[in-house]
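this one's sequence-less:
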């Protein structure tokens, strides 16, 4: 399996934007968000333009075919934030994301990054499991949420540090 990561080339802009739409709407579906909150391809193109200005976008290739992407933002004190990782559905559960993350680790070490952070919604247990297996083992920040649109409320709960929260 030949997996590579490369910084986003111009000719993959639209392809990557469409993958952003799939990623964003996967999260909205995961959270049962009403359709009016779902993202369009045009919005994803704007998102990608912003990402390019604020960080670096890397495509994931399997045998020279683009199958996913990373969005990484660099900050002070030689830290980085893995903002998003996406692998096309038909390529998931084949070890591609795991191997691509190892390539990203190598790139971060080359760039003298001392730590990388990732945010994961509690309902995305597959991502949490993957990140834990890849060495993300420090709890850095807890983000709390208050819904005003009650359609977004959830019933599942999770206990963290002795507190019960709805699992969004």
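Looks like it arrived, so ask away. All figures in this text were calculated on a predicted structure; none of them were measured in a lab.

need the contact list for residue 131.
By CB atoms under 8 Å, 6 or more residues apart in numbering, the contact list for residue 131 reads 118, 120. To be clear about C-beta, it is placed using only N, CA and C from the backbone, and glycine gets the same treatment.

From residue 102, how far out is residue 112?
The spacing between residue 112 and residue 102, counted by CB to CB, to the nearest Å, is 18 Å.

okay, the two: which has more neighbours?
residue 102 (14 against 7; other CB atoms under 10 Å).

Spatially nearest residue to that one (excluding sequence neighbours)?
In this structure, residue 102 finds its nearest non-sequential neighbour in residue 134, 7.7 Å apart by CB to CB, 6 or more residues apart in numbering.

Name the residues that touch stretch 13-25?
For stretch 13-25, the surrounding residues in contact (CB under 8 Å, 6+ apart) are 8, 38-41, 43-45, 47-48, 57, 59, 66, 68-69, 84, 86, 88-89.

I'd like the next helix or strand past the one helix or strand residue 58 maps to.
Assigned by DSSP states H and E, residue 58 belongs to strand 56-62. Counting by DSSP H and E, the next helix or strand C-terminal to strand 56-62 is strand 65-74.

For that next one, give me every contacting residue.
5, 8, 12, 15-16, 19-20, 51, 54-61, 80-88, 91, 96-97, 100, 104, 108, 111, 113, 116.

Which ones among those map onto helices?
15-16, 19-20, 51, 54, 96-97, 100, 104, 108 (DSSP state H).

which of these count as buried?
If you count burial by 16 or more other CB atoms under 10 Å, the buried members of the ones in helices among the contacts of strand 65-74 come out as 16, 19-20, 51, 96-97, 100, 104, 108.

about what we covered before: specify which member of the ones in helices among the contacts of strand 65-74 is nearest to residue 130.
residue 97 (6.5 Å; CB to CB).

Could I get the contacting residues of the nearest residue in space to the closest one that is not next to it in sequence?
For residue 97, ignoring the flanking residues on the chain, the nearest one in space by CB to CB, 6+ apart is residue 87 at 4.7 Å. Residue 87 makes contact with 60, 67-68, 96-97, 100, according to CB under 8 Å, 6+ apart.
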